[in-house]
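K.L.:
sequence and computational prediction follow.
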Amino acid sequence: MRRCQSLQFSENTPEEESRDQQLWFIQAQNCGGPAMLKKIAIVISSMLLGVCCGSAVGWLVGRTIYFFVVELPNRNLAPEQYSTATCGLNLSIGMLTFFVLIPAGVVLGSVFGFGFGMKQTYEE
């Protein structure tokens, strides 16, 4: 049978505390501090690139919808007839683009960028 051993903890003296802090700092430097910073930089930069690309894709999708729904069918109309025929579609497609498509692109781009950055840090 095992015996239960009681552990007694005592306060460190100031010398022991100083030594422990120095050892922790040395271990932190030897555990790959620059490598960890490199991994963090890779993940952050890939997320920022994903955000920029995602927002651009969201804007392009909105612009494509606008082109095919509003501009292409009404391309031969006079300006007065054009504004009457579109009947406010400009604003609704603009709001769809600004409030839905671009934020969705930002979120998806950051998620894909995070996944890509994490994959790159594990390959090294």
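P.N.:
Sure thing, it's come through.

K.L.:
could you say which helix or strand contains the residue positioned nearest the centre of the chain?
P.N.:
Centroid-nearest residue in the chain: residue 110, 2.9 Å away (criterion: CA atoms, centre = their mean). Assigned by DSSP states H and E, residue 110 falls within helix 102-123.

K.L.:
other SSEs contacting that helix?
P.N.:
Secondary-structure packing of helix 102-123 (3 or more CB pairs under 8 Å, 6 or more residues apart in numbering; DSSP states H and E): helix 33-66. Just so you know, the C-beta spots here come from the backbone N, C-alpha and C atoms, and that holds for glycine as well.

K.L.:
which residues of this structure score low on pLDDT?
P.N.:
Within the chain, the segments meeting pLDDT under 70 span 1-10, 12, 19-33, 123-124.

K.L.:
mind redoing it with 50?
P.N.:
Low-confidence segments of the chain (pLDDT under 50): 1.

K.L.:
I am finished for the moment; much appreciated.
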